[in-house]
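**Q** Need coordinates for the following:
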Amino acid sequence: MLLEMRHINKFFPGVKALSNVDFTLRQGEIHALMGENGAGKSTLIKVLTGVYESDGGEITVEGNKVTIRSPQDAQKNGISTVYQEITLCPNLTVAENMFIGREGGFLVRQRDYEKRAEGLLKELGIPARSTQQLGDCSLAVQQMVAIARAVDMKCKVLVLDEPTSSLDDKEVQVLFDLMRDLKSRGVGIIFVTHFLEQVYAVCDRITVLRNGELVGEYLTEDLPQVKLVAKMIGKDLEELQSFGGAEEKHLEEEDIFYEARGLSSGEALPFDFRIHKGEVNGFTGLLGSGRSESVRAVFGADKVTGGNVTVGGKSVKITKPIDAMRNGIGYLPEDRKRDGIIADLSVRENIILAAQVMKGFFRPISRSEAEAFADEYIKILNIKTASQETPVGSLSGGNQQKVILARWLLTHPNYLILDEPTRGIDVGTKLEIQKLVLKLAEEGVAVTFISSEIEEMLRTCSRLIVMRDRHIVGELTGSDLNEAQIMRTIAGGEAANEKDR
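**A** Below you'll find the predicted structure:
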């Protein structure tokens, strides 16, 4: 046993980020640390690497109990981390990056360092020269140089945090070859990734976290992808129930309201998408699968880099939110505090914001009109607020969501995108929002609904687009709208009832 973390706890104000978590790593193994966003993976790694100090538990390396209060402590105990974002200096050479910050100073022994770097690059099969500027290397090579730096520092435990997110398939294979080489040398590797296929390509064991707690530790060969997805989401396959979705409608070609072909942005890979008038569809998949990035591209919230879009059968160009708004599209964002509400403004001011933008700031909505609009939607949506002048930041999360919904309903959209509209709100308000979505669809509004709760998606949507690794991997309707089929599709088509594996 190379590394043991036992009974690890970490608290933040009002949040228990890790609760009694265990994690073990053996010499010469690649161990996947899996879980959805918010599961506790990053917190556990930051405790291990000294970014955070734990609030309980112990860590041993090679049987010796260690205290890690800083990244320097982690390094002294042979623990190194390579992060998703390259933390080296692109304006320095490969050798300078590998040895910067070491004792003795770089300038005094520059030739020795270049020679040493050249040997290490050759030994690890990294296609770079020691005198080459790091910024001239590909992202994959930069990742490998960061790994080489860790290896030269005699690391025993190497943490790779989403190292493949910016690499193409060939670069990923080169990185995997390097990981396997380090494994053969006895280095223990903790591999964090959203890409399920990569786990099965290179990992020996898998540890799953959910909501800051340990779900379990498994041999990779004993945990098929569909069961891994189930454990990450929190559903036992034997307990899955089939829920009927919203009533499937007979959709005609002429009823298509919005259609995109090859739509892409800085965050979303090219995809095709359509939605009909009066339809409720959804994007589903694990957090990080690309569902939010896709709808942000539809609304122009991220920089659109390609694709053709038609609205109501007419070709349009939507590259920014105001373009979408002028074409009858509204968008409730995933992060209401960052992208939705303006906390210091009143409920009234937040409700009229989109309508005022569309009208133009040189044609202000009168105070009496604004008050009338606010009163109307406070009543329609049952927004609990002392008055329409109350700062929206002082409302509960559910009432803040209702204010954002009111903002878009006031614009009378033809197509409404709702990204996690019920996250963090009470059950009663969730049901109100779900009923509102179905009512809007009955009135002919097209709605895209995204939720982390699969049951909610099944109650609300008549068609689900399934995403994995930022690609659309399936489209489910009718009898296929059930949790087992969703997880099979996310996992790559494995049968949900494979109990013999």
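**Q** show me the residues around the nearest residue to residue 63 once chain neighbours are set aside that make contact.
**A** Here the nearest residue to residue 63 in space, its sequence neighbours aside, is residue 1; by CB to CB, 6 or more residues apart in numbering that works out to 7.2 Å. The way it works is simple: take the backbone N, C-alpha and C, and place the C-beta from them, glycine included. Shown in contact with residue 1 (CB atoms under 8 Å, 6 or more residues apart in numbering): 24-27, 62-63.
**Q** Which of the residues you listed fall in strands?
**A** 24-25 (DSSP state E).
**Q** and the contacts of residue 1 as CSV, adding pLDDT and distance to residue 134?
**A** Formatted as CSV, the contacts of residue 1 follow (pLDDT from 0 to 100; distance: CB to CB, whole Å):
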residue, pLDDT, distance to residue 134
24, 97, 35
25, 97, 29
26, 97, 33
27, 96, 30
62, 94, 32
63, 93, 37
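**Q** Which of the contacts of residue 1 has the largest number of neighbours?
**A** residue 25 (24 neighbours; other CB atoms under 10 Å).
**Q** Assess the claim that that residue and residue 188 are in contact.
**A** Yes - using CB atoms under 8 Å, residue 25 makes contact with residue 188 at a distance of 4.3 Å.
**Q** can I have stretch 120-132 written out in CSV, keeping just the CAs?
**A** What follows is stretch 120-132 as a C-alpha-only set of coordinates in CSV (Å, rounded to 0.1, in the frame of the first residue of the first chain):
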residue,chain,number,x,y,z
LEU,A,120,14.6,12.5,-18.8
LEU,A,121,12.7,13.5,-22.0
LYS,A,122,14.3,10.7,-23.9
GLU,A,123,13.8,8.2,-21.1
LEU,A,124,10.1,9.0,-20.9
GLY,A,125,9.6,9.2,-24.6
ILE,A,126,8.5,12.8,-24.6
PRO,A,127,8.9,14.4,-28.1
ALA,A,128,10.5,17.7,-27.1
ARG,A,129,14.0,19.3,-26.8
SER,A,130,15.3,20.6,-23.5
THR,A,131,16.1,24.0,-25.1
GLN,A,132,12.7,24.4,-26.9
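**Q** The closest residue to residue 255 other than its chain neighbours: how many residues sit nearby?
**A** Nearest non-adjacent residue to residue 255, counting by CB to CB, 6+ apart: residue 276, 4.5 Å away. The number of residues packed near residue 276 is 22, by other CB under 10 Å.
**Q** cool, residue 455 as well?
**A** 12.
**Q** Tell me the secondary structure at it.
**A** Look at residue 455: counting by DSSP: H, G, I helix; E, B strand; the rest coil, its state is helix.
**Q** gap between it and residue 422?
**A** Per CB to CB, to the nearest Å, residue 455 is found 11 Å from residue 422.
**Q** Tell me the secondary structure at residue 59.
**A** Using three-state DSSP, the secondary structure recorded for residue 59 is strand.
**Q** rewinding a little: ok, the residue nearest to residue 255 to residue 312 distance?
**A** Residue 276 sits 12 Å away from residue 312 when distances are taken as CB to CB.
**Q** re the thing from before, between residue 25 and residue 188, what contacts are shared?
**A** 2-3, 31, 157.
**Q** Buried by neighbour count, from those: which ones?
**A** Among these, the ones that count as buried by 16 or more other CB atoms under 10 Å are 2-3, 31, 157.
**Q** Next one, pLDDT for the residue positioned nearest the centre of the chain please.
**A** In the chain, the residue lying closest to the centroid (CA atoms, centre = their mean) is residue 288, at 2.7 Å. pLDDT recorded at residue 288 is 75.
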